[in-house]
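1. Kindly return the folded structure for what I paste below:
(4 chains)
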There are 4 protein chains.
Amino acid sequence: MATHTLIATTWHNVLGTVPPVLNIADGDSVVTQTIDAAGIDKDEVQRWPGPNPTNGPIFVAGAEPGDALQVDIVRMTPIRERGWTRAALAGNVVDPERVRDLPPRERTDWVIDGKAGTVRLREPVPGLEHLVLPLEPMIGCFGVAPALGQAFSTATSAENGGNMDYRGFGPGCRVWFPVSVPGALFFLGDCHAIQGDGEIVGTGVETAMEVEVRLSVVKRRHQTWPRGETGDAIFTVGNARPLDQALQHATTEMLDWLTSGYGLSAVAASHLMGQVVRYEVGNVFDPAYTMVCKIDKKWLPR
Amino acid sequence: MATHTLIATTWHNVLGTVPPVLNIADGDSVVTQTIDAAGIDKDEVQRWPGPNPTNGPIFVAGAEPGDALQVDIVRMTPIRERGWTRAALAGNVVDPERVRDLPPRERTDWVIDGKAGTVRLREPVPGLEHLVLPLEPMIGCFGVAPALGQAFSTATSAENGGNMDYRGFGPGCRVWFPVSVPGALFFLGDCHAIQGDGEIVGTGVETAMEVEVRLSVVKRRHQTWPRGETGDAIFTVGNARPLDQALQHATTEMLDWLTSGYGLSAVAASHLMGQVVRYEVGNVFDPAYTMVCKIDKKWLPR
Amino acid sequence: MATHTLIATTWHNVLGTVPPVLNIADGDSVVTQTIDAAGIDKDEVQRWPGPNPTNGPIFVAGAEPGDALQVDIVRMTPIRERGWTRAALAGNVVDPERVRDLPPRERTDWVIDGKAGTVRLREPVPGLEHLVLPLEPMIGCFGVAPALGQAFSTATSAENGGNMDYRGFGPGCRVWFPVSVPGALFFLGDCHAIQGDGEIVGTGVETAMEVEVRLSVVKRRHQTWPRGETGDAIFTVGNARPLDQALQHATTEMLDWLTSGYGLSAVAASHLMGQVVRYEVGNVFDPAYTMVCKIDKKWLPR
Amino acid sequence: MATHTLIATTWHNVLGTVPPVLNIADGDSVVTQTIDAAGIDKDEVQRWPGPNPTNGPIFVAGAEPGDALQVDIVRMTPIRERGWTRAALAGNVVDPERVRDLPPRERTDWVIDGKAGTVRLREPVPGLEHLVLPLEPMIGCFGVAPALGQAFSTATSAENGGNMDYRGFGPGCRVWFPVSVPGALFFLGDCHAIQGDGEIVGTGVETAMEVEVRLSVVKRRHQTWPRGETGDAIFTVGNARPLDQALQHATTEMLDWLTSGYGLSAVAASHLMGQVVRYEVGNVFDPAYTMVCKIDKKWLPR
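-> Presented below is the predicted three-dimensional model:
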């Protein structure tokens, strides 16, 4: 199980069936440096147009349609001191008539201190002088090529993953994507130093990162939507608008997992989900919103 | 600051401007026993038709339109061993074509052990033999009379609160409702022994409880939607469909709170909310869905 | 079958169970003059606060829960020369970020010429000098008291009707509302000289009208949502947000009508609706949106 | 201005940047025969898998990003006697809990009589014996390649058109699509003999057609969403979920058209749209719903 270094020189603004830049074996790891959502690299050089240029795709030997690609997020290290955000709530997260009052969506710089593990505004803002946030790295956009020759902008997300902007996708998280093409074709980009639920200013703290992922194939694991696992919980991901539909997708996928994966009846799965389920909002900014449906592992059938 | 005991003999299926059953002073506490969502009391007697019969209303002296009614949930004690739920996910939380496959929404009994602090299914269900849940009491439906002579079913919720079915409304939580009529007219019912996010089977573990609340008036605290506070966080509540709109209401209310209550500019509030906000789903079952927007107190301006 | 004249001296901002101002027999007609959405009467006197003050309620003898109240809109005559609208699209009908660019929602006057049957802007607007619209009177807000002691603002709508702002509710239209309380308690107000689909500036041409309606009871006609009939078509009305849910309600009500009222199987009703149904948008401005589902009478079973 | 005959031998299940099968000059016409939504041709031979295989793409000389492709639907002639539909309303157009009661979505055959201009069920259904519908041909799925190398399934639609399933797309209709790639790359398929609003059984009467379109380039006509024109009206098209968002897109596009194309101020455009706009529902079945915003030409500035 080798570790590869992928030095990107071209990027993609879609997740689709394009020629791979790296071929790896099932279970190999990849270390790669991402550029930020606007296409600016660790040295502040614009390398590619936005939105969300992704490294890849990576062809994983043995992955076939009907399998799942397992992605372990091993490590995320900031490689640039500067991060940036937008200075106003997005129009779609406030009451419509209140959009008139929102400030301009200007770009604002933050300072990422990787050693101290902190993130703070570069210019002090009255009332937020004390605001020193923890570094909580996450991948904004990752996933695999979709089915049927489709190719989706890295601004949005779907069954194959994409720009889900869910703050849970950080180191230690394991994710499974449904494979639709041979080799899965894995893409990755748009890393954030920290982000609140919903990505409601339209950004996390956007920056460049060095990311290590391990990519493995789980054969014949039919699933429709992304699934994941942390130390404590399993979760499913729905991507759609409105948020109600994203929630329907995530909930249906969890029902399927509990019944076909854990052997529960639909009644038992309903009892369990009804009383212990947790929902987390990924993004409510992108063309598709993201809702996560989570169950603590301690409640799962043994 | 007296403590009153309210022994309900009639209940309400709306939150509206109806004659109060109790008049209290600002800051007084009330202890009252609720019946369950179907109108069945602690002795298994049907006392009132559903949905969600509420005790009250309570007139709080000094509360005027433009004020807020502060509700401290002091204590919630189960007073019946039996709780019940529905045995199937609700139709509106799964993908529409999958509703065809859902099991019947039969009523299922649970055992609530107040001493042990546990909740479990009365009849074992394969795969869930181990399922002993913690008692996590919460109020499903509470709030004040709405403005303009309106009266809303206890099945739904709005600016005045109501059937929000948010699991965060348990002991230790403080909630503020916007007052629209003299005396506020506070209603309370529909207690749950535990409930997952979203109330996705259409119920929590429905039961009868003895509840103690302290009711206080905060003068001239203009707010549009319910606000709340726990030991760690402040939060706002939006009630609407789709969930996107509930989120817009909760987010706009938090923006208003941070700017007019904490003195942040709209830019500063955006920076703060963008990177630290948390959303929690109340219910996605009732006519109005409920979304909670939360900020950890440690990030607030000092 | 008498014709009554109702001279309103008080109005209501809710549809609810309040004392009737007129009692009539089944089949009687009522002539009444309405004030406009802002509460201004035909003589430009402010008579009542907005929104949408309604005349009524009218108690119709013999109407019981489970019946339908049939409302024939016999005649609508403008009784004021002045109408008014808002000068900008509403925030919720354009893309959220575009709300920033909308003009202020100022009140603008129109001239209604009842004799000529025309409606035009009082002050010419460049590019619209030619704009002489036909007088197409309609009732913005009408309906009956809702069930369970509920009372809904005249700003919104529900199963009982209310502020549906559907331009099809003009002379010649017959509407049935589901009765929830004895006497039905019929309310009427908010007349428009003309209105486009969706009421997307938040108003039609708001004015005062003299309206004649005939009110009849249809016994034991169980229906959930308003139904209606024109010379050519039958239709059902759903009121909710998002528009998708309003459409679901209207479609389900039409399915019920075709199956229980016209004797079609669910398969036959699906075939018919699938190929001939028409949808019309009532409003997409009010708290509840309105969608109309229509079938041409020529396709109905004979 | 030549007329080309395109005999398709391969089809596409995406609208994307793939090699063209025909190159034509600006203003040329194309006659081509389509297969049905399931990939079955006029001779009842399965030629390609569904959904909605499209003929093309056609490269139109001179079309560049920023231009519009003008598509005149000249003629649509059924070339197969058999059409088919689904026998049940789709789950997403009825109230969620009512999905349980819907009949199976079985395929049902219809007879298309091109000479008589009629469409009827092959097997009589009780209550619908009289149902002889007019032939009202329309194109379910057509459009151009999207921007950024994206490729979208022919099951859905977006800014570039696609599977809009709007019954207004029949002979005599002119449509403009925003061009994103050189040559525009035009695709066409999924013809219906008739369809109701919303495509609420998930199909129109699906069949094979011979279609003639004339394709022209309008230089530097910046638009975001499809626009169109009939004899009487101009219209814009929004594709998204929920229907509210589709309506926002279509309304914003009409606002843009009236202001930049017809020289109206935003206030004048608001006045006009507010009182004369018409909305028509394309589909409420596909992943993206379709809403049409229409203005009668008689109201346009002269």
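
2. Look at the residue lying closest to A:Thr203 once chain neighbours are set aside and say how many residues are nearby.
-> Among residues not flanking A:Thr203 along the chain, A:Thr85 sits closest, at 4.7 Å (CB to CB, 6 or more residues apart in numbering or on different chains). (C-beta placed from N, C-alpha, C; glycine too.) Neighbours of A:Thr85 under the rule other CB atoms under 10 Å in any protein chain shown: 27.

3. again with A:Pro104
-> Residues near A:Pro104, counting by other CB under 10 Å: 9.

4. I'd like the next helix or strand past the helix ranked longest in chain A.
-> Counting residues, the longest helix in chain A under DSSP state H turns out to be helix A:243-256. Heading C-terminal from helix A:243-256, the first helix or strand you meet, by DSSP states H and E, is helix A:266-276.

5. close to chain B, is the helix or strand following that following helix?
-> Using DSSP H and E, the helix or strand that follows helix A:266-276 in sequence is strand A:278-281. Yes. Using CB under 8 Å from any CB of the partner chain, strand A:278-281 reaches chain B at A:278-281.

6. export those to a markdown table and tack on neighbour count?
-> Shown next, in a markdown table, are the residues of strand A:278-281 next to chain B (neighbours: other CB atoms under 10 Å in any protein chain shown):
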| residue | neighbour count |
| --- | --- |
| A:Arg278 | 17 |
| A:Tyr279 | 25 |
| A:Glu280 | 23 |
| A:Val281 | 29 |
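
7. For A:Val60, state which of those is nearest.
-> Nearest to A:Val60 among the residues of strand A:278-281 next to chain B, counting by CB to CB, is A:Glu280 at 27.7 Å.

8. need the contact list for that closest one.
-> With contact set as CB atoms under 8 Å, 6 or more residues apart in numbering or on different chains, A:Glu280 has these partners: A:166, A:168, A:197, A:235, A:291-292, A:294, B:279.

9. Could you work out the most separated pair of these?
-> Farthest apart among the contacts of A:Glu280 by CB to CB are A:Phe235 and B:Tyr279. That separation is 15.2 Å.

10. Could you find the closest non-adjacent residue to A:Arg278?
-> A:Lys294 (4.4 Å).

11. burial of that neighbour, as a residue count?
-> So A:Lys294, with other CB under 10 Å, has 21 neighbours.

12. Next, the contact list for the one residue in chain A that gets nearest to chain D, please.
-> Residue of chain A nearest chain D, by CB to the nearest CB: A:Ala151 (4.2 Å). Each residue near A:Ala151 by CB under 8 Å, 6+ apart is listed here: A:14-18, A:145, D:14, D:16, D:149-151.

13. what bridges to it?
-> D:Ala151 (DSSP bridges).

14. tell me the mean pLDDT for stretch A:213-227?
-> Here stretch A:213-227 scores 97 as its mean pLDDT.

15. try stretch A:73-91
-> Looking at stretch A:73-91 alone, the average pLDDT works out to 98.

16. Chain D contacts on the stretch 201-302 of chain A?
-> So the stretch 201-302 of chain A meets chain D at A:240-242, A:245 (CB under 8 Å from any CB).

17. swap in the stretch 51-200 of chain A?
-> Within the stretch 51-200 of chain A, the residues that sit near chain D (CB under 8 Å from any CB) are A:148-153.

18. now with 6 Å?
-> A:148-151, A:153 (CB under 6 Å from any CB of the partner chain).

19. can I get those in a markdown table with distance to A:Val99?
-> Shown next, in a markdown table, are these (distance: CB to CB, whole Å):
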| residue | distance to A:Val99 |
| --- | --- |
| A:Leu148 | 36 |
| A:Gly149 | 37 |
| A:Gln150 | 32 |
| A:Ala151 | 32 |
| A:Ser153 | 24 |
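
20. most surrounded residue in those residues?
-> A:Gln150 (26 neighbours).

21. for that one, what are its contacts?
-> In this structure, A:Gln150 makes contact with D:14, D:151, D:153, judged by CB atoms under 6 Å, 6 or more residues apart in numbering or on different chains.

22. now those residues as TSV including pLDDT?
-> As requested, the contacts of A:Gln150 are exported to TSV (pLDDT from 0 to 100):
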residue	pLDDT
D:Val14	98
D:Ala151	98
D:Ser153	98
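
23. D:Pro182: which of the residues you listed is nearest?
-> D:Ala151 (16.1 Å).

24. May I ask which two of the residues of strand A:278-281 next to chain B are separated the most?
-> Between all members of these, the farthest pair (by CB to CB) comes out as A:Arg278 and A:Val281, at 11.2 Å.

25. on that earlier part again, parallel or antiparallel, which strands does the helix or strand where the residue nearest to A:Arg278 lies pair with?
-> Using DSSP H and E, the element containing A:Lys294 is strand A:289-296. Strand A:289-296 pairs in its sheet with strand A:233-240 (antiparallel), strand A:278-281 (antiparallel), by DSSP bridges.

26. Now render these as CSV, adding mean pLDDT.
-> CSV is the format used below for these (pLDDT from 0 to 100):
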stretch, mean pLDDT
strand A:233-240, 98
strand A:278-281, 98
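
27. Looking at those strands, which is nearest to B:Asp95?
-> strand A:233-240 (9.2 Å).

28. what's the spacing between the closest one and its chain's center?
-> Centroid displacement of strand A:233-240 relative to its chain, using CA atoms, centre = their mean, to the nearest Å, is 11 Å.

29. what number of residues lie near A:Gly231?
-> Counted with other CB under 10 Å, A:Gly231 comes out at 8.

30. Is it located within a strand, as I assumed?
-> No. Looking at A:Gly231 with DSSP: H, G, I helix; E, B strand; the rest coil, it is coil, so not inside a strand.

31. And the closest residue to it other than its chain neighbours, what's its pLDDT?
-> Sequence neighbours aside, A:Gly172 is the residue nearest to A:Gly231 in space, at 6.6 Å (criterion: CB to CB, 6+ apart). Looking at A:Gly172, its pLDDT is 98.

32. Could you list the domains of chain A?
-> Here the domain parsing of chain A from automatic domain parsing is A:3-81+A:135-218, A:227-299.

33. Enumerate the residues of the stretch 51-200 of chain A near chain C.
-> Counting by CB under 6 Å from any CB, the residues of the stretch 51-200 of chain A close to chain C are A:91-92, A:96-97, A:99-100.

34. Which two of these have the greatest separation?
-> The widest separation within these (CB to CB) is 14.1 Å, between A:Asn92 and A:Arg100.

35. ok, these two, which is more surrounded?
-> With neighbours defined as other CB under 10 Å, A:Asn92 and A:Arg100 compare such that A:Asn92 has more, 24 against 14.
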